[in-house]
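> Here's my sequence, what's the structure:
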Amino acid sequence: MKIKERDEPVASVDDKIKTLSELEGIIKELKKKKMAVVHCHGVFDLLHPGHIRHLRQSKAKGDILVVTVTRDEFVNKGPGRPVFNQFLRADSLAALECVDYVAINEWITAVETIKKLKPDFYVKGSDYASRESDVTGKIYEEEEAVKSVGGSIHFTNDITFSSTSILNKHFNIFTHEAKQFLHDFRKRHGSEAVVSDLKGLSDLKVLVVGDAIIDEYHYCSGIGKPQKENIIAVRYLSDEVFAGGSLAIANHIAGFCKNVELVTLLGKKNDYRAFIDSKLKSNIKRRFFIEKRMSTVVKRRFLDPSFLAKMFEMYFIDDFTLNPDLERQITEYLNRVISKYDVVIVADFGHGFISKNIINLLCKKAKFLAVNTQTNSANTGFNLITKYPRADYICIDEPELRLAMGDKFADTEKLILKLAKVVRCKKITITRGHRGSLIYSKKNGFTSVPIFSKEVVDRVGAGDAYLSVTSLAVARKLPDEEIGFIGNAVGALAVLIVGNRSPVEPLTLFRFTNTLLK
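Model prediction:
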């Protein structure tokens, strides 16, 4: 492989773009020639004058400037980002005269890349000089990595611009309603303040009570109609299993709060205990009760993997009422521990676990009670939010509101006011899919928050993610518009996750918050 001399320009843009392994070999040869290598790393979604001045200053630190760009799947700035794919971003950087080599990163951060390339200087922009302002905290790890290979970290000092701000302003990333909401919201809430509020949730002690659900995704492709049957035949491809229901909710919360306990019911016939234990985060305390007459609920969905189009689903579920002795054990346990928790979140999927006596205890004893009831194929019309005589926070979707109030056509706000009286609740959120969310509080009235993205991979579990984080925000008494902002940001991230493959993590939400509010 020919190595460019100090003053010899690279022949073309394509010649500058290398794999990391190729770049590693090139840098070794350059160092033999006593040439100082400077390394810059970033997303570079939209090249602007600030980037160019930063790269020029970086090049001045040494002889050769190499730039690595974040892979598309690791950009982690929320829906719609990156706007330009990794190949276009690498191509744009390679077109700059001051840049000698470009590579697409192989890892989530630059840490492993720095250790592989061993640059003499690793250079970041002035906005990283204040290390505590980096919400990812990765600047510390990057500094340690470059020092470990004998290099040093430097920061350029020049005018800066934000690619995110430019993209938000001049590209059609958001709907008109979202643009207007974010424009007004930024005047009252900066990204640092919102992230600080989210970090401030960590000391809340949270008890999650609800149905455990095992979600199975079976991926298949259609192969046609059998000659003698009026059905569609499919070919099995693969499958995935997720921890859903209250298990998923506990995982969402455990990312934001240190102290989380999950109380749920498993079936003795097929308890899935080992699987559940392997999927729950380590900081979740577990209290599993066992019902001898049932199997743990399993919902098996059959999907076409191309677009995650769901064909049909199968429930493995038993109809039952709690054994009186088991119900007594559960109520005694809850009565013993409930006072330890600042927040109790009830995830009621209507599968037999949460009985009337358990509801009454929760409503009477919880310091702060957040409730979600869900309608599904197994309980339509039988699992209404009106089962609960009181709550501090209700979070349900609009069809569940209309079903509970027995009205398909009335104005949504009127139905919310009616529900607030029936359940005696001062704070209610109604999620409305592509129309965003509507928050009601007795003190402030109604707050409407639009969606922040139309990009959807899978809606399963998005409502649970919304409930999880907004319950904490309401318990912390954050402003209604901030609760709606946080909830819709969480929802936008959740619909990009297949099923409950992973929870919405705090760092991802912090970065998306920064993206939205720049």
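
> Kindly provide the distance from residue 393 to residue 472.
10 Å (Cβ to Cβ, to the nearest Å). Every residue, glycine included, has its C-beta placed from N, CA and C.

> Settle it for me: which of the two has more neighbours?
In this view residue 393 and residue 472 are compared by other Cβ atoms under 10 Å, and residue 472 has more residues nearby, 29 against 25.

> The nearest residue to that one once chain neighbours are set aside: how many residues sit nearby?
Once flanking residues are discounted, residue 472 sits nearest to residue 201: 4.6 Å by Cβ to Cβ, 6 or more residues apart in numbering. The tally of other residues near residue 201 (other Cβ under 10 Å) stands at 23.

> For the stretch 251-400 of the chain, just list every one of the helices.
Under the criterion DSSP state H, counting those that start in this stretch, helices of the stretch 251-400 of the chain are mapped to 273-279, 324-337, 356-365, 398-405.

> the bottom helix or strand of the chain by mean pLDDT?
Across the helices and strands of the chain, mean pLDDT, DSSP states H and E gives its lowest value to helix 163-170, namely a mean of 58.

> Quick check: what element follows that one along the chain?
Later in the chain than helix 163-170, the nearest helix or strand by DSSP states H and E is helix 176-188.

> angle of whichever helix or strand comes after that next one against helix 176-188?
Using DSSP H and E, the next helix or strand after helix 176-188 towards the C-terminus is helix 191-199. Helix 191-199 runs at 90 degrees relative to helix 176-188, counting by axes from the mean of the first three to the mean of the last three Cα atoms, to 10 degrees.

> tell me which residues in helix 191-199 are buried?
191, 194-195, 197-198 (16 or more other Cβ atoms under 10 Å).

> again with stretch 279-289
So, applying 16+ other Cβ under 10 Å, buried residues of stretch 279-289: 279-280, 284.

> And the residues you listed, which is closest to residue 501?
Ranked by distance to residue 501 (Cβ to Cβ), the buried residues of stretch 279-289 are led by residue 279 at 10.3 Å.

> show me the contacts for the spatially closest residue to that closest one that is not a sequence neighbour.
Sequence neighbours aside, residue 243 is the residue nearest to residue 279 in space, at 3.9 Å (criterion: Cβ to Cβ, 6+ apart). Contacts for residue 243 (Cβ atoms under 8 Å, 6 or more residues apart in numbering) come out as 212, 214-215, 251, 275-276, 279-280, 500.

> Check residue 393 too.
Counted by Cβ under 8 Å, 6+ apart, residue 393 has contacts 368-371, 425, 427-429, 470-471, 474-475.

> quick one: it and residue 445, what's the gap?
Distance from residue 393 to residue 445, by Cβ to Cβ: 16 Å.

> Likewise for residue 517?
Relative to residue 445, and taking Cβ to Cβ, residue 517 is found at 24 Å.

> In terms of neighbours, single out the busier of these two.
Here residue 517 and residue 445 are compared on neighbour count by other Cβ under 10 Å; more neighbours surround residue 517, at 21 against 11.

> all strands for the stretch 101-250 of the chain, in order.
Secondary structure of the stretch 101-250 of the chain (DSSP state E, counting those that start in this stretch): strands at 101-104, 121-124, 152-155, 205-210, 212-224, 233-245.
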